[in-house]
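Q: the sequence isn't on hand, but the structure is:
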């Protein structure tokens, strides 16, 4: 849960089936509204890389949303790799 108007750090840990951290190619962050409609697409680069397999984006959600879904997506060994999460937004705690 975050407060409306605040910035949230969205973070993803990309791992293989064996649990090893990996750096995918063509990494993007997709933002969906509450109805699962795509509203934003953000291409990531090395400035978004924290360490091997760990990527983040500091994101300011649009005013008026009660929640949003985020998806980090990329390609590893010519196969898709992704992670999704949901963030709830409140005006007060």
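A: Yep, it's here. All values derive from a computational prediction rather than experimental measurement. Numbering: from 1, shown residues only.
Q: what lies in contact with the longest strand anywhere in the chain?
A: The strand that spans the most residues within the chain, counting by DSSP state E, is strand 79-90. Applying Cβ atoms under 8 Å, 6 or more residues apart in numbering, the external contacts of strand 79-90 come out as 1-4, 8, 10, 12-14, 22, 24, 61, 65-75. Bear in mind the C-beta positions are built from the backbone N, C-alpha and C, glycine included.
Q: hmm, which of those residues are the buried ones?
A: Buried residues within the contacts of strand 79-90, counting neighbours by 16 or more other Cβ atoms under 10 Å: 2, 8, 10, 12, 14, 24, 61, 68-74.
Q: can you add distance to residue 86, secondary structure and pLDDT and give the residues you listed back as CSV?
A: Shown next, in CSV, are those (distance: Cβ to Cβ, whole Å; DSSP: H, G, I helix; E, B strand; the rest coil; pLDDT from 0 to 100):
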residue, distance to residue 86, secondary structure, pLDDT
2, 12, strand, 87
8, 12, strand, 95
10, 11, strand, 97
12, 14, strand, 96
14, 19, coil, 97
24, 22, coil, 96
61, 12, coil, 93
68, 7, strand, 96
69, 5, strand, 97
70, 8, strand, 98
71, 10, strand, 98
72, 13, strand, 98
73, 16, strand, 97
74, 20, strand, 97
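Q: what's the farthest-apart pair in the residues you listed?
A: 2 and 24 (26.1 Å; Cβ to Cβ).
Q: can you list the weak-confidence ranges in the chain?
A: The chain contains no residues with pLDDT under 70.
Q: let's see 80
A: Judged by pLDDT under 80, the chain has its weakly predicted residues at 93.
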